[in-house]
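Engineer: Give me the fold of what follows.
(one chain, ligands or ions: 1)
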Amino acid sequence: MIYNACNMATLNLQRKTSQPLYCNHDHYLMALNTFNQHTRHQEILAKWTEEEFDSNVVKVLCEKFSGDKLDDQPLRVLGVGSGGGYQETLQLKKLKTKFSRISATVIEPSTEQISKYQEMVRQNSSDITGIEYKWHNQTFQEFERSIAAGQKYHFITIVHAIYYVGKVEETVKTFSELLEPGGMIFMAVKADSDMSLLAKTFPQLAVEEQTPTTTTESHEVKTNDLISSTDVKSVLSKNQMAYTQSSYTLSPDLTTCFTEDEMTPVTKLVLDFITTTVKFQESVPDETFNQVMDYIKRNARVKKSDQGDDKYYFDIECEILVISK
Ligand SMILES: C[S@@+](CC[C@H](N)C(=O)[O-])C[C@H]1O[C@@H](n2cnc3c(N)ncnc32)[C@H](O)[C@@H]1O
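Structural biologist: Down below sits the predicted model:
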């Protein structure tokens, strides 16, 4: 038998059928997309980009790299775990207003996600003239092994993908080495909130980074669901790297978990995402299910609806870190 992170997790926990979410790429994408739609995650980030990106990022990069400082070279942007590219495209469009030439290196191991990104670029080609894309359908770890010595970027963007690329300290160090002096990193990451505490309270739901495994899409997937902004900020402080931070909250509505006999398919997928478990309700032992639901109910924010009913929101805090070199 070949042991990998996924089947070891299953064995260690004596689960009969349950699987960590990252071991099942199709289900992971379904749960992620459902969670993002349900919490309007993309809209919240897009609003931040619309209102804050210019002053926090574009202005600073302009001071460092505009005019002849780039020596006729394009601004080099590196996207890590770019997904379908929605947030990255918004950022690139903002950068494009000040930098006439941009070289965007996109790293995304999911073939489905990178194809979506490429399709969006094709459809919006007139909006992004002057951006030259370099597509890497691979993990950051694979990319890092193949990168030319001395290759550097002016801007690195990583939106909720730090959990997958390795140990925080090494990742931050690698990013810093890949950054031009004066360059910046944009990072969105979960903060320590009830979702991370849930993973800590029920370690069987969060699998620490272990041996890489290969998915049906033939790329390595590892995850560390326990990584939070606190870990990143402690590495930044230790390495005396300056950063600014802002926060936002995602508030999945889990009311029907506690008020209906049967959860809706959307609630089930949102719960799979929160518990990082494939088909959480069906696959974990009843005792674990009841304990986790009890934890969620105790930690939920209860708000009265207009009809006077209790609504249960499980708030998840996130942070945006803008790091300078
Ligand atoms: C939560 S999604 C975020 C996607 C995108 N940044 C966004 O904001 O919509 C995380 C992304 O990281 C990608 N990913 C997983 N493992 C990775 C790795 N080792 N290196 C780079 N990206 C990875 C996944 O395929 C997924 O698209």
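
Engineer: show me where the stretch 151-300 of the chain has helices.
Structural biologist: Under the criterion DSSP state H, counting those that start in this stretch, the stretch 151-300 of the chain carries helices at the ranges 168-178, 194-201, 229-238, 255-259, 265-275, 280-283, 286-299.

Engineer: Quick one: list the elements packing against the second one.
Structural biologist: If you count contacts as 3 or more Cβ pairs under 8 Å, 6 or more residues apart in numbering; DSSP states H and E, helix 194-201 packs onto helix 265-275, helix 286-299. All C-beta spots, glycine's among them, are computed from the backbone N, C-alpha and C.

Engineer: Comparing these, which stretch has the densest surroundings?
Structural biologist: helix 265-275 (a mean of 21; mean count of other Cβ atoms under 10 Å).

Engineer: Which strand residues bridge C318?
Structural biologist: K190, Y248 (DSSP bridges).

Engineer: okay, and for the chain, where does confidence drop off?
Structural biologist: Within the chain, the segments meeting pLDDT under 70 span 1-17, 206-223.

Engineer: I'd like to know how far the residue nearest the centre of it sits from R145.
Structural biologist: Nearest to the geometric centre of the chain sits H160, at 1.5 Å (Cα atoms, centre = their mean). Applying Cβ to Cβ, to the nearest Å, the value for H160 to R145 is 23 Å.

Engineer: do Q37 as well
Structural biologist: On the measure of Cβ to Cβ, Q37 and R145 end up 35 Å apart.

Engineer: Neighbour count for the two, which is higher?
Structural biologist: Using other Cβ atoms under 10 Å, the more surrounded residue of Q37 and R145 is Q37, with 14 against 9.

Engineer: Pretty sure M263 sits against K279.
Structural biologist: No - using Cβ atoms under 8 Å, M263 makes no contact with K279, being 11.5 Å away.

Engineer: Spit out the contact partners of the spatially closest residue to H160 that is not a sequence neighbour.
Structural biologist: Spatial nearest neighbour of H160, chain neighbours left out: A188 (5.3 Å); criterion: Cβ to Cβ, 6 or more residues apart in numbering. A188 sits next to 45, 87, 158-160, 318-321 when contact means Cβ atoms under 8 Å, 6 or more residues apart in numbering.

Engineer: make it 10 Å
Structural biologist: Counting by Cβ atoms under 10 Å, 6 or more residues apart in numbering, A188 makes contact with 41, 44-45, 48, 87, 157-162, 229, 248, 318-321.

Engineer: Those residues of the stretch 51-200 of the chain touching the ligand, which are they?
Structural biologist: Taking Cβ under 6 Å from any ligand atom as the contact definition, the stretch 51-200 of the chain meets the ligand at 80-83, 86-87, 107-110, 113, 139-141, 159-161, 164-165.

Engineer: Quick one: mark the members of those residues that sit in helices.
Structural biologist: 86-87, 113, 140-141 (DSSP state H).

Engineer: Any chance of JSON lines for those, columns neighbour count and distance to V292?
Structural biologist: Below are those laid out as JSON lines (neighbours: other Cβ atoms under 10 Å; distance: Cβ to Cβ, whole Å):
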{"residue": "Y86", "neighbour count": "16", "distance to V292": "31"}
{"residue": "Q87", "neighbour count": "22", "distance to V292": "30"}
{"residue": "Q113", "neighbour count": "20", "distance to V292": "29"}
{"residue": "F140", "neighbour count": "24", "distance to V292": "31"}
{"residue": "Q141", "neighbour count": "18", "distance to V292": "31"}
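
Engineer: If we only consider these, which is nearest to D286?
Structural biologist: For those, the minimum distance to D286 (Cβ to Cβ) is 34.8 Å, reached by Q113.
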